[in-house]
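# Predicted model and sequence below, questions to follow.
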Amino acid sequence: MIQFLLNQTRVSEHQIDANTTVLNYLRQQKGRRGTKEGCASGDCGACTVTLGSVVDGKMRYETVNSCLLPIGALDGKQLITVEDLRQGDRLHSVQQAMVNSHASQCGFCTPGFVMSLFVLQKNSCGWDRQQAESALAGNLCRCTGYRPIIEAARIACEQPEVDSFSQREQETVARLQALQQQSTGDVVTNNSRCVIPKTCAQLASFYLANPQAVLLAGGTDVALRITQQYQKLPLMIALEKVEELQHWQETPDAIVIGAAVPLSVCQQRLRSSIPEFSEMLQRFASLQIRNRGTLGGNIANASPIGDCSPMLLALEASLILQQGDRLRQLPLSQFFLGYRRTALETGEFIRAIHIPKVTLSPEFRAWKVSKRREDDISAVFAAFNIKHAGGVISGARLAFGGMAETPRRAAACEAALIGQPLSPATLENACRALEQDFQPLSDARASAAWRMQLAKNLLRRYFHQLNGELAVSEVSRYVS
């Protein structure tokens, strides 16, 4: 049974297909058709809803794509849809701002924009265009144009109101805390089941006994098997309530990140310690996806174009893995065995990611090249982490995504750099060594020759920055 609040109405679901997405649940079982289905893959934002949870005794609101949100993720949460925003006999202020700005034409995408504006208003302290653009980057409009929508965002942030959600916050907090205590942590029908453990011990025990189960973290990748491939997953294990997987620990020697920490949290917390990592996460999908997608999930799916793995490889990260009661630490460079294949053993899962600070150079850089600036898949992702002193390279860790069947370190290139001077000759030798490391494929995103040339050019760019010969504004940086 799962229990949650649909706005302020308590809902208990005793028998429901664990493969049900929140989008289909709302439209087909609750008759709430304001939430739209556009792409069913988390790209358009038409299905955006708000998920409320209790953090430090207060309500935290996040936008999520309901098309990728499994029904079990609602357990102990508050779900808010566009139908809930009405304030008595008048519109919510974010809805009124859309009306006043003439920010809607066909209206299909409007409910998703409204929900993103609602959360933006809740989480902002006044108008900030960069924050607004980030909040709306996961919502696509094909007819209105974005100028009036941005204007609506400005009005909503400059003229916030004390709405019914603010007035009832403490009541909502108390009700959600009570639901959490009553949760049984299981979504089940005759043909499907989703187990929701609360501790690593529970997770490890159940997964070891049921290694055929699908681990479900944020669901932004796994849910595509349901919405795009029309698969039925008979047994899933949801990870988001396992407290140990949410831990974040930073010491003078290392940063240890729980595998289920959302990417939006990683983006915020790494801003001071590894700013380049944080900056690149701004270009990882949309805010709705980053609110659900996890660092461990991005690694575990073993995608050759995953954005986080090249950065972690260049930082010489390792993984803390758990199987039953056994823990082991494995260098990330040994984790990827082939296309979508990993070194995980039967019943084993990623518990945490360990980033040693000793390998972190202040010269760490990462670049993502894609057809769109945001919400797009990488053609090539490069991460560089070189140490040098007295004009001589003492350490080199370079990693690429999109250049092979797995994210991979450039071993030959690193060998061509270590112990060599920061000179044009060293750079050209390193570029030639990249041809030993990679034989990229051609696909819809790029040709093999273009990928190889791009990898070399990114290395040249990095080298020129190390030498102080090149100072450019990054495309990922906001310019007002």
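Arrived safely.

# and the closest residue to Gly45 other than its chain neighbours, how many neighbours?
Once its chain neighbours are removed from consideration, Gly45 has its nearest residue in Asn139; the separation is 3.4 Å (Cβ to Cβ, 6 or more residues apart in numbering). Every C-beta, even on glycine, is put in place using the N, C-alpha and C of the backbone. By other Cβ atoms under 10 Å, the residues close to Asn139 number 27.

# Check which helix or strand Arg397 maps to.
Here Arg397, judged by DSSP states H and E, is contained in strand 392-401.

# try Ala156
Using DSSP H and E, Ala156 sits in helix 146-158.

# With only the CA atoms kept, save that helix in PDB.
Written as PDB, here are the backbone C-alpha positions of helix 146-158 (Å, rounded to 0.1, in the frame of the first residue of the first chain):
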ATOM      1  CA  TYR A 146       9.200  32.500 -24.900                       C
ATOM      2  CA  ARG A 147       9.300  36.200 -24.400                       C
ATOM      3  CA  PRO A 148       5.800  36.500 -22.900                       C
ATOM      4  CA  ILE A 149       6.400  33.400 -20.800                       C
ATOM      5  CA  ILE A 150       9.600  34.900 -19.400                       C
ATOM      6  CA  GLU A 151       7.600  38.000 -18.700                       C
ATOM      7  CA  ALA A 152       5.000  35.900 -16.800                       C
ATOM      8  CA  ALA A 153       7.900  34.500 -14.800                       C
ATOM      9  CA  ARG A 154       9.100  38.000 -13.900                       C
ATOM     10  CA  ILE A 155       5.700  39.100 -12.800                       C
ATOM     11  CA  ALA A 156       5.200  35.900 -10.700                       C
ATOM     12  CA  CYS A 157       8.600  36.300  -9.000                       C
ATOM     13  CA  GLU A 158       8.200  40.100  -8.400                       C
END
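
# just so I have it, where are all the strands in the stretch 1-150 of the chain?
Assigned by DSSP state E, counting those that start in this stretch, the strands in the stretch 1-150 of the chain fall at 2-6, 9-13, 48-55, 58-65, 78-80.

# and Ser278, which of these is closest to it?
Between Ser278 and these, the tightest spacing by Cβ to Cβ is seen for strand 58-65, at 18.1 Å.

# Quick one: list the elements packing against that closest one.
On a contact count with 3 or more Cβ pairs under 8 Å, 6 or more residues apart in numbering; DSSP states H and E, strand 58-65 meets strand 48-55, helix 110-123, helix 169-182, helix 287-292.

# And the strands of the stretch 1-150 of the chain: which comes nearest Gln202?
Go through these one by one with Cβ to Cβ and the one that ends up closest to Gln202 is strand 2-6, at 16.6 Å.

# Turn the helices and strands packed on strand 58-65 into a markdown table, columns for mean neighbour count, mean pLDDT and distance to Ser272.
Listed next are the helices and strands packed on strand 58-65 as a markdown table, based on neighbours: other Cβ atoms under 10 Å; pLDDT from 0 to 100; distance: least, Cβ to Cβ, whole Å:
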| stretch | mean neighbour count | mean pLDDT | distance to Ser272 |
| --- | --- | --- | --- |
| strand 48-55 | 22 | 97 | 20 |
| helix 110-123 | 24 | 98 | 20 |
| helix 169-182 | 14 | 94 | 29 |
| helix 287-292 | 26 | 98 | 18 |
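
# Quick check, pLDDT for the nearest residue to Leu344 once chain neighbours are set aside.
On the basis of Cβ to Cβ, 6+ apart, the spatially nearest residue to Leu344 that is not a chain neighbour turns out to be Leu321, at 6.9 Å. Per-residue pLDDT puts Leu321 at 98.

# Let me know whether Val114 touches Gln95 as I believe.
Yes. Using Cβ atoms under 8 Å, Val114 and Gln95 qualify as a contacting pair, with a distance of 5.7 Å.

# Go through the strand holding Arg397 and flag the buried ones.
Neighbour counts over strand 392-401 (16 or more other Cβ atoms under 10 Å) mark Ile393, Gly395, Ala396, Arg397, Leu398, Ala399, Phe400, Gly401 as buried.

# Report the two of those residues separated the most.
Pairwise over the buried residues of strand 392-401, using Cβ to Cβ, the maximum falls at Ile393 and Gly401, 22.9 Å.

# quick check: longest helix of this protein.
In the chain, assigned by DSSP state H, the helix with the most residues is helix 448-466.

# re the thing from before, need the overlap of contacts for Val114 and Gln95.
Overlap of the contact sets of Val114 and Gln95 (by Cβ atoms under 8 Å, 6 or more residues apart in numbering) consists of Leu85.

# Now do the contacts for Leu245.
Under the criterion of Cβ under 8 Å, 6+ apart, the contact partners of Leu245 comprise Cys200, Leu203, Leu239, Gly258, Ala259, Ala260, Val261, Gly296, Arg351, Ala352.

# average pLDDT across the helix holding Ala156?
Model confidence over helix 146-158 averages 97 on the pLDDT scale.

# So which residues of the stretch 151-300 of the chain form helices?
Taking DSSP state H, counting those that start in this stretch as the criterion, the stretch 151-300 of the chain carries its helices at 164-167, 169-182, 200-209, 223-227, 263-269, 275-281, 287-292, 295-300.

# same question, the stretch 301-450 of the chain
Ranges of helices within the stretch 301-450 of the chain are 308-314, 411-417, 424-437, 448-466, based on DSSP H, counting those that start in this stretch.

# most neighbours per residue, which of the ones you listed?
helix 308-314 (a mean of 28; mean count of other Cβ atoms under 10 Å).

# residues making contact with it?
Outside helix 308-314, the residues that touch it by Cβ under 8 Å, 6+ apart are 263, 276-277, 280-281, 284, 295, 298-299, 303, 332-333, 336, 353, 355, 364, 366, 381-385, 397-401, 407-409.

# repeat for stretch 455-470
Defining contact as Cβ under 8 Å, 6+ apart, one finds that stretch 455-470 is touched by 363, 365, 367, 369, 380, 382, 384, 386, 388, 398, 400, 403, 413, 422, 427, 430-431, 434, 438, 440, 471.

# pLDDT at Val261, what is it?
Reading off the confidence values, Val261 has pLDDT 98.

# what about Cys106, neighbour count?
Cys106 is flanked by 10 other residues according to other Cβ under 10 Å.

# Let me see the contact set for it.
Contacts of Cys106 by Cβ under 8 Å, 6+ apart are Arg142, Cys143.

# how close does it sit to Arg460?
According to Cβ to Cβ, to the nearest Å, Cys106 stands 46 Å off from Arg460.

# Need phi/psi at Val242.
Phi and psi for Val242, reported as degrees, to the nearest 10, are phi -80, psi 110.
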